[in-house]
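Visitor: Okay, structure incoming, though there's no sequence with it:
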């Protein structure tokens, strides 16, 4: 894992969530969580120093050791069943960042590549389902769970506009080709 990128993700959202789940410490911003197993333990007392956040800026950040877990993420190593996740080698650049399409069980989602880059290379992605049926991503290095990434239920508006523009273009080209051939 690339700790500086984890810091950057938390700073970007101005949210630092420190959790102790299943005997391991986790850090995240609510959308992505990283297992800190093997790292020195972080606390509310030292987190701002580790993140290089000045004393007068601390109040700009939400620091909490509780997480409402609306996505119903399971932080256990041997949590719910994991399913194969199809990844596609296309990156969609949108104003909010770069996204990679992923699919599982016929559902297409976009994964923020910045979340993924913080894990470094050599990770495997698996789909998990929450008790409510919501899809999220388990990130593993070998057999070890290194992180969890939530997925938006709705596609990004920029992505929808792009897909609609492509659809219109293809429809127009097909109509022109049909006219030409008939």
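Guide: Cool, got the structure. Everything numeric here is computed off the predicted structure, so don't read it as measured data.

Visitor: C-alpha only now, for contacts and for neighbours.
Guide: Noted.

Visitor: In contact with the spatially most central residue of the chain, which residues?
Guide: The chain has residue 149 as the residue nearest its centroid, 3.6 Å off, counting by CA atoms, centre = their mean. For residue 149, the contact set (CA atoms under 8 Å, 6 or more residues apart in numbering) comprises 31, 32, 33, 115, 136, 137, 138, 139.

Visitor: Pretty sure the last one sits in a strand.
Guide: Yes. When DSSP: H, G, I helix; E, B strand; the rest coil is applied, residue 139 is found to be in a strand.

Visitor: now it: how far from residue 19?
Guide: For residue 139, the distance to residue 19 (CA to CA, to the nearest Å) stands at 17 Å.

Visitor: Please apply the same query to residue 27.
Guide: Separation of residue 27 from residue 19 (CA to CA): 6 Å.

Visitor: now residue 54
Guide: On the measure of CA to CA, residue 54 and residue 19 end up 23 Å apart.

Visitor: neighbour count winner among the two?
Guide: Of the pair residue 54 and residue 19, residue 19 is the one with more neighbours under other CA atoms under 10 Å, namely 23 against 10.

Visitor: on contacts alone, who are the packing partners of the helix or strand hosting the more buried one?
Guide: Residue 19 is located in strand 15-21, with elements delineated by DSSP states H and E. On a contact count with 3 or more CA pairs under 8 Å, 6 or more residues apart in numbering; DSSP states H and E, strand 15-21 meets strand 24-28, strand 62-64.
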